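Undergrad: Here's a sequence, model it:
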Amino acid sequence: MLSISFLGKSRFEYNGKIIEDQLGNKASALVCLLVLNDKRYLSRDKIIGYLWPDSNQEAAKYNLRYNLWLIKKNIGEDKNGNPFLKVDNDCCCINKNFEFECDIFDIMKFKPSENDSVESILKLKKLFRGDLMEGCYFNKCDEFNNLIIYERINFEQRKVKILKRLADLYENEDCYEECTEAINEILEIEPFDEEMVLKLLDIHSKNGKRASAIAYFNNFCNKLACSLGIPPSNELRNKYNEIRLSLCDNNEPENSLLSSTVSANLQISSKVKITSRCMKNIDYFWISDVVGKIADMADEHTINNLSVKEIMDLGHIQENIMKYVSVKTDHESEHKREVMGVCIVNAFVKLIESFAKGRDVEILILNFKNIDEISAGVLEYLKSLDIQGMNFTEK
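TA: All right, here's what the predicted structure looks like:
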């Protein structure tokens with residue numbers, strides 16, 4: 001029986017014997033090419049272009065013949081008399097009737113189905129022992145090296161697909177801790193996959209860990225803002241608000257959100273970068289932009305330092321922050337009252353001071369020359385306060 005592994009260090013085992021040393025690197029690469037081609041024919045010219053691009057035609061053809069012979073010498077027929085390779089004058093391929101095991105071939109065949117089980121998916125997951133042909137580099141074979149890099153990305157995406165199926169199976173069996181572990185593995189590969197973040201919030205909520213869900217959402221918003229400069233999707237925000245409302249419906253104090261989980265989250269996210277923009281002759285434009293960015297990444301501790309009135313004052317220039325009022329009061333009609341400019345400024349300064357507490361915050365101000373007059377005055381005032389952890393960079 002032949003068993004081949006290409007994920008991690010390449011390994012060939014035939015009838016209980018390790019044979020990769022007998023095959024050599026080029027023969028191993030040739031088998032990998034044929035497996036990746038999914039048992040379809042691959043022309044000799046294409047193989048030569050991958051593995052011997054710098055050789056003259058005669059030398060390249062000889063090298064290919066020699067490596068095909070080397071493979072045939074070390075890998076005999078299966079129990080049914082089928083040879084491993086099918087070779088003719090123009091092409092060659094893996095014999096689809098030959099019985100063997102290969103990690104990447106099993107992974108390539110995977111398609112989610114209702115017949116999947118946790119055991120079968122875990123078996124596939126264990127095949128990921130490293131990168132495709134890990135540690136291998138072929139001198140002057142740029143096309144082959146680029147193909148391997150491309151396929152490494154493809155196999156990473158296949159791993160995500162397998163982990164998503166595993167998470168679904170665990171969720172169906174109410175195995176929430178195992179489901180959370182699978183989702184976290186996905187997020188290590190795709191850290192901004194909002195579908196998985198939404199699923200994680202839902203799992204935390206089902207598992208009675210609503211405070212952990214809130215903490216994770218705040219941390220994720222922070223990463224989105226710092227790394228990509230974008231807010232979370234409406235679907236994520238709605239899930240977040242749903243969880244916060246459930247806390248209130250169950251008479252759980254909002255201060256319960258300030259658990260050790262949240263505290264740890266704040267320590268992890270202590271460095272924050274906010275990118276803001278300016279616009280001429282639009283009062284409060286820069287202030288509004290900063291308030292919106294903070295509203296997307298703020299934690300409960302930051303918001304709880306402001307009164308409902310102060311949040312509503314800021315709501316006059318930035319609607320995004322009003323999402324924090326819906327849980328606290330039903331009197332949103334008060335939002336329509338007239339507000340003095342000094343109230344907006346005082347609320348903004350308090351928000352900045354609260355957000356900077358325990359963090360290292362940099363606010364990058366793009367197009368600073370176009371900052372509106374009111375925002376410019378407030379910015380100078382903030383600089384004079386010398387708030388610990390708060391830095392402003394003008395561009």
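Undergrad: Can you read off the pLDDT for the nearest residue to His204 once chain neighbours are set aside?
TA: Of all residues not flanking His204 in the chain, Ala213 sits nearest, at 3.8 Å (CB to CB, 6 or more residues apart in numbering). For glycine as for every other residue, the C-beta is placed from the backbone atoms N, C-alpha and C. Predicted confidence (pLDDT) for Ala213: 88.
Undergrad: which SSE is Ala213 in?
TA: Assessed by DSSP states H and E, Ala213 sits inside helix 210-227.
Undergrad: Dump the C-alpha coordinates for that helix into CSV.
TA: Once non-C-alpha atoms are left out, helix 210-227 reads as follows in CSV (Å, rounded to 0.1, in the frame of the first residue of the first chain):
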residue,chain,number,x,y,z
ARG,A,210,-23.0,37.1,27.1
ALA,A,211,-20.3,39.2,28.8
SER,A,212,-17.7,37.3,26.8
ALA,A,213,-19.6,38.0,23.6
ILE,A,214,-19.7,41.8,24.4
ALA,A,215,-16.0,41.8,25.2
TYR,A,216,-15.1,39.9,21.9
PHE,A,217,-17.3,42.3,19.9
ASN,A,218,-15.5,45.3,21.4
ASN,A,219,-12.1,43.8,20.7
PHE,A,220,-13.1,42.9,17.1
CYS,A,221,-14.4,46.4,16.4
ASN,A,222,-11.0,47.8,17.7
LYS,A,223,-9.1,45.5,15.3
LEU,A,224,-11.3,46.4,12.4
ALA,A,225,-10.9,50.1,13.0
CYS,A,226,-7.1,49.9,13.6
SER,A,227,-6.2,47.5,10.8
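Undergrad: From the chain's centroid, how far away is that helix?
TA: How far helix 210-227 lies from its chain's middle: 14 Å, per CA atoms, centre = their mean, to the nearest Å.
Undergrad: likewise stretch 15-22?
TA: Remark: stretch 15-22 is offset 38 Å from the chain centroid, using CA atoms, centre = their mean.
Undergrad: Restrict it to CA atoms and write it as PDB.
TA: In PDB, the C-alpha atoms belonging to stretch 15-22 read as follows (Å, rounded to 0.1, in the frame of the first residue of the first chain):
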ATOM      1  CA  ASN A  15       4.500  -1.400   1.800                       C
ATOM      2  CA  GLY A  16       5.800  -0.200   5.200                       C
ATOM      3  CA  LYS A  17       9.100   1.300   3.900                       C
ATOM      4  CA  ILE A  18      10.000   5.000   3.700                       C
ATOM      5  CA  ILE A  19      11.100   5.700   0.100                       C
ATOM      6  CA  GLU A  20      11.300   9.500  -0.300                       C
ATOM      7  CA  ASP A  21      15.100   9.400  -0.200                       C
ATOM      8  CA  GLN A  22      15.100   6.900  -3.100                       C
END
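Undergrad: and the next element down the chain from the helix holding Ala213?
TA: Counting by DSSP H and E, the next helix or strand C-terminal to helix 210-227 is helix 234-249.
Undergrad: Quick check: buried residues in that following helix?
TA: Across helix 234-249, burial judged by 16 or more other CB atoms under 10 Å covers 236-237, 239-240, 243-244, 247.
Undergrad: can you list those residues in CSV and add distance to Ile321 and pLDDT?
TA: Shown next, in CSV, are the buried residues of helix 234-249 (distance: CB to CB, whole Å; pLDDT from 0 to 100):
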residue, distance to Ile321, pLDDT
Leu236, 17, 92
Arg237, 12, 89
Lys239, 19, 91
Tyr240, 14, 88
Ile243, 19, 87
Arg244, 14, 81
Leu247, 19, 69
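Undergrad: State the pair within those that is farthest apart.
TA: The most widely separated members of the buried residues of helix 234-249, counting by CB to CB, are Leu236 and Leu247 (17.1 Å).
Undergrad: so who does the residue nearest in space to the middle of the chain touch?
TA: Most central in the chain under CA atoms, centre = their mean is Glu190, positioned 1.6 Å from the mean C-alpha point. Neighbouring residues of Glu190 by CB atoms under 8 Å, 6 or more residues apart in numbering: 160, 196.
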